[in-house]
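Asker: what's the 3D shape of this:
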Amino acid sequence: YQRRVHGEGTWIVLQNCHLAVSWLPTLVELLEEMMLMEIDRKLHPDFRLWLTSTSSDSFPSTLLESSIKITKDPPRGIKANMLQIYKTQNSSKAERDFFNSIRSEKRGEWRDFFLSLAFFHSVLRERRRFGPIGWNIFYDFNDSDFRISMKQLYHLLGSYDEVQYKALIYLTAECYYGGRVTDEWDRRLIKTLIADFYNENALYDKYQFSEAPEYVIRDDLDLDGAISYIKELPDNDEPEVFGLHKNAAISSATLEAKDLIASILHISPKSLEAGESASQKNKAVISLAETLLEETPNPFDIELVQKRHPTIYGESLNTILLQECLRYNVLLKTIKETLSNVILSLDGKIVMTSDLEKMADQLHNNILPTLWLEKSYPSLKSLLKYHQDLRQRVDMFNEWIEKGIPTVFWFSGFYFTQSFLTGVLQNFARKNSLPIDELSFRNEVKPRSFAPDAPPTDGAYVNGLFIAGARWDEASNALAESEPKVLYDELPTIWLIPVHAKSVDNPETEYNCPVYKTAERKGTLSTTGLSTNFIMTLKLPSQVSEKHWIKRGVALLTQLSD
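Answerer: Numbering: from 1, shown residues only. Sure, this is the predicted structure:
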C-alpha cells in the first residue's frame, strides 16, 4: 500500500464499501494521513483512490464531503432501457457474433423473442415507478437477469425444433426474474406479464402486447434494425404499455413529489423557518399537543366490556371485542403519555430526550410520531388525519359496547383484522360443529342502497373498503375501469359468508382481489405468522379476464393515505 501511494502513484479501487461499514472509520483515518502527506508533497500526484458503494445511511459523511462523487442512474423509460440492451449487445464483435450465431432456421424466432424479452425486461423495471400499484415490493431487476434469461432463450431455441413456451415462461418468470420476487401477489403478476411476451403471436410482425399501439414486436429485426426501431419509440411512456390504467400516471407523479419533499426535509438543516423563533415554534407545538391530548379518547373500561359482553362459547366476537379494546388501550395510553411528556419537556419541567425532541419536530411538521407507530395499527396518514381516524375507530367500539354487535361492521376500524375474521369463522364452526381449519369465506357484494336491519344468520356484513386501480359498476354488478382522475372507489357493503373451503370455486368471471390495510401493500410476517398488511382475498365479479385486473394492480384497501 505505502509503495503504491509513495512510489508508483497507481490507482486503488475498493469495491462494495457498503458491505464493510464497520471498517470505514479506519479508512477515514487513512485518508486524513494521506491529506497530510499531500500537504508535505509526499503523496504521488498520480495516485487515486476509488470507492464503490450503494446508497447507505451508515456511509461516513467525511468521505462524501471530501470526494468527487459519480453516480450512475439506471435508464428511465422503455426506450432508454431497450436502447441500453441493444447497444450493449452491439458493443463488441463477440456480442454481435453471439447474437448472429444461432442456426439460420431459428434466426427469425431468436430475433423476435430477443426483442420480446427486452420489452419484458423494460416493463418490469419501469412498473416500479408507479409504486405499489406496479409492484408491492421494489425489486432490483437488472442486466444480469436479462443476460441469463437471454442465454436460456438462446439455448432452448437452438436445442429444440419447436419453441418450448412452458419452459421459457417457467424459467424466466419463476427462476431468473422470479427469483427476486418474494411477494405472492407479485409472483402472480410476473407470471401474467410474461405470457404477453412469450407466446406464438410474438412471432408475427407488429404483434401488440399492450393497449399502447406504438409498442409492437417487429418481425426479424437484426441489431441495427432493432436500434433504429427503438429510437422511434416515444420518449414518455403511457401507463397502458405496462398494463396499467391512465390514472396510474397520477400515482407515479404523486410518488415522485412525495419522495422529493421527503428528501428535502431529510437533508435540510433543522434550523427554524424564516421569521419563526424558538419560542414561537414551542408555543405552536404545545398548543397542538394540548389540543390533541384533549381530543384523544379515554381508554376503554375493560371491566365494563367484560361485564356487558362476557366470554361465552356461542359468541366469539365478544372475545374479539375485548382483545381489540386491550390493543387500543395500549395505543391510547401511549398517545396521552407522550403528548403530556412533550408539553412538559417544552415547558422545561422534565428532561427533553432525543425521542421527545423528534416527536416535537414531527408534531410541528404534521407527521405521525414514531413513538405512536410503534404501538399503532399500520397507517400512512398524516398526524391530524390519523388522529381523526383513531377517534372514529374508538367511536365504533364504544357503540359496539353500548348497543351490542353491529349490524354492519366497519372493516377498517379493527386493529387486528384477521382476529375478527377468525371470530366470524369460529362462530359458524361452533354453530355447525365443523373444524374451523376447513372453513373459508365466500363473499357477495350488496347494492349501495343496502341497509340491513339485522346481522345475517351466518357470517357478517362489512363496509369501508376502497378499490384501487378500478371501480365498482353497480349496473353490471362487476369491476369496471376507473373514471378519469379518480384513483379510488368505495366498495359497497359485502356479505362475508363462511363456507367449506372445498366448496369455494374459482370461475374465470371472478377476480381474486387481495385486501390490504394500507396503500403501501407490502408487509412483514408478524409473530402470528400473518402479514402486517395483507388481510384476505375477496372474489369480485368481472366481465373481462382476471389477467386484465392483475396487470392493472387492482386491490382493496381498508384505509387511504389521506
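Asker: how about the strands in the stretch 101-250 of the chain?
Answerer: Assigned by DSSP state E, counting those that start in this stretch, the strands in the stretch 101-250 of the chain fall at 207-208, 216-217.
Asker: Tell me which of those sits most buried.
Answerer: Comparing the strands of the stretch 101-250 of the chain by mean neighbour count (mean count of other Cβ atoms under 10 Å), strand 216-217 ranks first with a mean of 20. From N, CA and C alone the C-beta is placed, and that goes for glycine too.
Asker: rewinding a little: nearest to F138 among the strands of the stretch 101-250 of the chain would be which one?
Answerer: Closest to F138 of the strands of the stretch 101-250 of the chain, according to Cβ to Cβ: strand 216-217, at 27.6 Å.
Asker: what does the closest one contact?
Answerer: For strand 216-217, contacts defined as Cβ atoms under 8 Å, 6 or more residues apart in numbering pick out D112, L115, S116, F119, F197, A202, D205, K206, Y207, Q208, F209.
Asker: let's see 6 Å
Answerer: Contact with strand 216-217 is made by L115, S116, A202, K206, Y207, Q208, as judged by Cβ atoms under 6 Å, 6 or more residues apart in numbering.
Asker: cool, stretch 124-137 as well?
Answerer: When contacts are defined by Cβ under 6 Å, 6+ apart, stretch 124-137 is touched by residues 81, 138, 141, 183, 185-186, 242, 248, 251-252, 255, 469, 520-522, 553.
Asker: and the two most separated of those residues?
Answerer: Farthest apart among those by Cβ to Cβ are N81 and E520. That separation is 25.8 Å.
Asker: More neighbours: those two, which one.
Answerer: More neighbours surround N81 than the other of N81 and E520, with 24 against 17 (other Cβ atoms under 10 Å).
Asker: My assumption is that that one lies in a helix; please confirm.
Answerer: Yes: with DSSP: H, G, I helix; E, B strand; the rest coil as the criterion, N81 is located in a helix.
Asker: That one contacts K87, doesn't it?
Answerer: No: when contacts are counted by Cβ atoms under 6 Å, N81 is not listed as touching K87 (11.0 Å).
Asker: nearest to Y154, of the strands of the stretch 101-250 of the chain?
Answerer: strand 216-217 (17.5 Å).
Asker: if you average pLDDT over that closest one, what comes out?
Answerer: Across strand 216-217, the average pLDDT comes to 91.
Asker: Off-centre distance for that strand?
Answerer: Offset of strand 216-217 from its chain centre (Cα atoms, centre = their mean, to the nearest Å): 30 Å.
Asker: Tell me which strands it pairs with, and in which orientation.
Answerer: Applying DSSP bridges to the sheet, strand 216-217 is found paired with strand 207-208 (antiparallel).
Asker: Now tell me what touches the strand it pairs with from outside.
Answerer: N201, V216, I217.
Asker: If we use 10 Å, what do you get?
Answerer: 112, 115-116, 196-197, 199-201, 214-219 (Cβ atoms under 10 Å, 6 or more residues apart in numbering).
Asker: where does that strand sit relative to the chain's centre, distance-wise?
Answerer: Between the centre of strand 207-208 and the centre of its chain there are 30 Å (Cα atoms, centre = their mean).
Asker: Stretch 324-334 now?
Answerer: Worked out by Cα atoms, centre = their mean, stretch 324-334 lies 27 Å from the chain centre.
Asker: How about residues contacting it?
Answerer: Residues from elsewhere that reach stretch 324-334 (Cβ under 10 Å, 6+ apart): 296-302, 304-306, 309, 317, 369, 371-377, 390, 393-394, 396-398, 400-401, 413-417, 419-420.
Asker: quick revisit: pull up the overlap in contacts between N81 and K87.
Answerer: Residues within reach of N81 and of K87 at once, by Cβ under 10 Å, 6+ apart, are I230.
Asker: so where is the stretch 401-550 of the chain shaky, pLDDT-wise?
Answerer: Confidence mapping of the stretch 401-550 of the chain against pLDDT under 70 gives the ranges 503-507, 526-530.
Asker: let's see it at 80
Answerer: The stretch 401-550 of the chain contains residues with pLDDT under 80 at 501-508, 525-531.
Asker: Tell me the buried residues in stretch 60-73?
Answerer: P60, L63 (16 or more other Cβ atoms under 10 Å).
Asker: no, scratch that, I was asking about stretch 442-456
Answerer: Residues R442, N443, V445, K446, P455 are the ones in stretch 442-456 that count as buried (16+ other Cβ under 10 Å).
Asker: Just those: which are in strands?
Answerer: R442, N443, V445 (DSSP state E).
Asker: Give the buried residues for stretch 106-116.
Answerer: K106, R107, E109, W110, R111, D112, F113, F114, L115, S116.
Asker: Quick check: the gap between the second one and H155.
Answerer: I take that to be R107. Applying Cβ to Cβ, to the nearest Å, the value for R107 to H155 is 15 Å.
Asker: what's near enough to touch the nearest residue to S55 once chain neighbours are set aside?
Answerer: Of all residues not flanking S55 in the chain, H18 sits nearest, at 7.9 Å (Cβ to Cβ, 6 or more residues apart in numbering). By Cβ under 10 Å, 6+ apart, the contact set of H18 is L24, L51, T52, S53, T54, S55, S56, D57, S58, F59.
Asker: can I get the residues you listed in TSV with pLDDT?
Answerer: Output for these, formatted as TSV (pLDDT from 0 to 100):
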residue	pLDDT
L24	86
L51	88
T52	87
S53	85
T54	80
S55	77
S56	77
D57	77
S58	79
F59	81
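Asker: Among these, name the buried ones.
Answerer: Among these, those classed as buried by 16+ other Cβ under 10 Å are L24, L51, S53, F59.
Asker: Let me have the buried residues of stretch 442-456 in JSON lines, extended by distance to F47.
Answerer: Formatted as JSON lines, those follow (distance: Cβ to Cβ, whole Å):
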{"residue": "R442", "distance to F47": "72"}
{"residue": "N443", "distance to F47": "69"}
{"residue": "V445", "distance to F47": "70"}
{"residue": "K446", "distance to F47": "75"}
{"residue": "P455", "distance to F47": "78"}
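Asker: dump the residue contacts of A519.
Answerer: Shown in contact with A519 (Cβ under 10 Å, 6+ apart): 131-133, 251, 380, 466, 468, 487-488, 533, 555, 557-562.
Asker: same question, S412
Answerer: 377, 389, 392-393, 396, 462-466, 517, 557-560.
Asker: what about it, is that helix, strand or coil?
Answerer: Secondary structure state of S412, per three-state DSSP, is helix.
Asker: Return the distance of it relative to G423.
Answerer: The gap separating S412 from G423 is 17 Å, by Cβ to Cβ.
Asker: Give me the below-cutoff pLDDT ranges for the chain.
Answerer: Under the criterion pLDDT under 80, the flagged ranges of the chain are 1-10, 33-47, 55-58, 61-62, 64-65, 72-74, 263-278, 501-508, 525-531, 562.
Asker: No more questions from me, cheers.
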